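>>> sequence unavailable; structure follows:
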């Protein structure tokens, strides 16, 4: 038998092609039944598929290996969450200081940050960025958020802290209404900015992610599926809450925080009709926020209603934090 027709080489190529086809289907459709598969970044599956293809080529010179490799490269670049932002590396990201004006108008700078129970002030970290609104999760002490508001804005700022769920919001302007929903780790605020504009703010810290990745066990697939459904229920509740108790969708709104799932997760699709994922739209560089040392997942997200035009977005690594900080500049149209 010719080496080019070695059955093991052909089997490896077919296995890689089959994995590629399933990966495309699962990542496009995001079926809940296969959440355990799609919770893993697509480029990890791509590396596995490319490995199978390369083994079949170098050991057996199997046919179709070049086609299979090309199919994986196309799939990764087309469907990975990371690719669009990496292609925008030439675009200017947010810089320290006040956000750069756009068409002679001042953008709003929004930051989402998981404090990760860090027990020291965030002032030295946030002050250089001159944010207008900061969404924070996992604040260890209430005095820290008051200190942050006082140092950033003085008499021109305001804040709200949720002691039960350890989350809070600080902003330049005034908070006119604050609603808490004890069922979930979330805050609902109505804010008035110095410009006089009103907007709705939702600070989320969704259900903790399942760390069970034992794909050979049925319990893993059931647990990941249940975990996604719980997160989707939270997001659907947040949208219903906004519509019931605020002027949304006629009033601008921001939903931000720690989503505890990749940005491509099927649960976030409930936001796509009314909101834009700001980093997905205009982000530059490596956008994954968790874990800081080796960021594989973009858990921290900022979603803006269609009243906003996203201009720039990036992530910033903070020493001693588990999450990277997400920064987005938005223009209120």
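That came through fine. Since this is a predicted model, take the numbers as computed values, not measurements.

>>> how about the strands in the stretch 201-333 of the chain?
253-258, 275-277, 300-305, 308-316, 325-332 (DSSP state E, counting those that start in this stretch).

>>> tabulate these (CSV), appending mean pLDDT.
CSV is the format used below for the strands of the stretch 201-333 of the chain (pLDDT from 0 to 100):
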stretch, mean pLDDT
strand 253-258, 98
strand 275-277, 98
strand 300-305, 98
strand 308-316, 97
strand 325-332, 97
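
>>> residue 75: which of the ones you listed is closest?
With CB to CB, the closest approach to residue 75 among the strands of the stretch 201-333 of the chain belongs to strand 275-277: 20.7 Å. For every residue, glycine as well, the C-beta is placed using N, CA and C.

>>> follow-up on the earlier one: looking at the strands of the stretch 201-333 of the chain, which is nearest to residue 116?
strand 253-258 (9.7 Å).

>>> who's in contact with that closest one?
When contacts are defined by CB atoms under 8 Å, 6 or more residues apart in numbering, strand 253-258 is touched by residues 110, 112, 114, 133, 135, 137-138, 167, 186, 199-206, 238, 242, 246, 271, 274-275, 299-305, 307-308, 323, 326.

>>> same deal with stretch 115-127?
Here stretch 115-127 has contacts from 111, 113, 134, 136-141, 144, 147-148, 151-152, 318, 320-323, 325, using CB under 8 Å, 6+ apart.

>>> take the residues you listed and keep only those in strands.
Counted as lying in strands by DSSP state E, out of these, are 111, 113, 134, 136, 137, 325.

>>> nearest to residue 87 among the residues you listed?
Using CB to CB, the ones in strands among the contacts of stretch 115-127 come closest to residue 87 at residue 325, 22.5 Å.

>>> tally of neighbours for the closest one?
Neighbour count for residue 325, taken as other CB atoms under 10 Å: 23.

>>> who does it form a beta bridge with?
Here residue 325 shows beta-bridge partners residue 316, assigned using DSSP bridges.

>>> low-confidence ranges, the stretch 1-150 of the chain, go.
1-5 (pLDDT under 70).

>>> spell out the residue ranges of the strands in it.
108-114, 133-137.

>>> what is the longest one packed up against?
For strand 108-114, the helices and strands in contact under the criterion 3 or more CB pairs under 8 Å, 6 or more residues apart in numbering; DSSP states H and E are strand 133-137, strand 253-258, strand 300-305, strand 325-332.

>>> right, and these - which one's nearest residue 45?
Closest to residue 45 of the helices and strands packed on strand 108-114, according to CB to CB: strand 300-305, at 22.3 Å.

>>> contact partners of the closest one?
Residues contacting strand 300-305 (CB under 8 Å, 6+ apart): 110, 112-114, 135, 248-249, 252-259, 263, 268, 271, 274-279, 289-290, 310, 313, 315, 323-326, 328, 330.

>>> any idea which helix is longest in this protein?
Longest helix of the chain, by residue count under DSSP state H: helix 218-245.

>>> which elements pack onto that one?
helix 35-38, strand 186-192, strand 198-205.

>>> now distance to residue 229 too, for the ones you listed, in a markdown table please.
Listed next are these as a markdown table, based on distance: least, CB to CB, whole Å:
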| stretch | distance to residue 229 |
| --- | --- |
| helix 35-38 | 9 |
| strand 186-192 | 17 |
| strand 198-205 | 16 |
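
>>> mind putting the ones you listed in JSON lines, distance to residue 212 and mean neighbour count included?
JSON lines is the format used below for the helices and strands packed on helix 218-245 (distance: least, CB to CB, whole Å; neighbours: other CB atoms under 10 Å):
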{"stretch": "helix 35-38", "distance to residue 212": "8", "mean neighbour count": "22"}
{"stretch": "strand 186-192", "distance to residue 212": "25", "mean neighbour count": "22"}
{"stretch": "strand 198-205", "distance to residue 212": "20", "mean neighbour count": "23"}
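
>>> quick one: closest of those to residue 222.
helix 35-38 (8.8 Å).
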